[in-house]
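the following comprises the amino acid sequence and a computationally predicted model.
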Amino acid sequence: MYDVNPLVYSALKTIGLPVLPETTFNSTSPIPCVTYVEFSNIDTIVGDTLEYSEIITMVKVWSNDLSVLMANAKLIDVKIKALGYIRDFGSPLFGVGTGQYILRYKATAKENK
């Protein structure tokens with residue numbers, strides 16, 4: 001299993017907002033911030049000497065300001081795509097109070113055994 005979390009975390013830190021694992025986000029978390037979680041990490045092809053995995057990662061940017069939300073979502077998109085991911089979902093969710101922009105990415109990782 002290929003662990004992409006350190007790469008994702010390092011890329012997100014360059015944006016300049018606090019970065020938290022999704023599982024630690026709560027009512028005392030700093031806003032604006034970025035959260036991330038690995039949704040899926042499954043084998044797609046397994047052979048004697050190498051293996052491929054499909055990895056799905058969700059990233060959210062949180063903010064009380066829609067312009068900050070949108071600007072940081074664009075920055076995140078550039079950083080995560082630079083890691084070899086493709087975005088397969090993106091949608092803002094903004095109402096009264098704190099809003100979020102949800103981004104989901106998919107990548108194929110190659111592992112040598």
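Thanks, I have the structure now.

and the strands in the protein, which stretches?
19-21, 33-46, 50-63, 86-93, 99-112 (DSSP state E).

tell me the confidence at N112?
Per-residue pLDDT puts N112 at 66.

again with M1
The predicted local confidence for M1 is 64.

show me the contacts for the spatially most central residue of the chain.
Nearest residue to the geometric centre of the chain (C-alpha atoms, centre = their mean): V59, 3.0 Å. By C-beta atoms under 8 Å, 6 or more residues apart in numbering, the contact set of V59 is 8, 12, 34-36, 76, 80, 102-105. Every residue, glycine included, has its C-beta placed from N, CA and C.

any idea how many residues pack against P21?
12 (other C-beta atoms under 10 Å).

hang on, it packs against Y36?
Yes - shown here, P21 and Y36 form a contact pair, counting by C-beta atoms under 8 Å, at 6.7 Å.

next, the angle strand 86-93 makes with the top helix by length along the chain.
When the chain is parsed with DSSP state H, its longest helix is helix 66-81. Calculated by axes from the mean of the first three to the mean of the last three C-alpha atoms, to 10 degrees, helix 66-81 forms an angle of 170 degrees with strand 86-93.

now for helix 66-81, which elements pack on it?
Other elements packing on helix 66-81 under the criterion 3 or more C-beta pairs under 8 Å, 6 or more residues apart in numbering; DSSP states H and E are helix 5-13, strand 50-63, strand 86-93, strand 99-112.

show the average pLDDT along the second one.
Here the mean pLDDT over strand 50-63 is 92, rounded to a whole number.

what comes up buried for it?
Across strand 50-63, burial judged by 16 or more other C-beta atoms under 10 Å covers 51, 53, 55-63.

from those residues, which is closest to N72?
Taking C-beta to C-beta as the measure, N72 lies nearest V61 of these, at 4.5 Å.

and that closest one, what is it in contact with?
By C-beta under 8 Å, 6+ apart, the neighbours of V61 are 17, 32-34, 69, 72-73, 76, 100-101, 103.

which one is it nearest to, not counting chain neighbours?
Excluding the flanking residues, the one nearest V61 by C-beta to C-beta, 6 or more residues apart in numbering is N72, at 4.5 Å.
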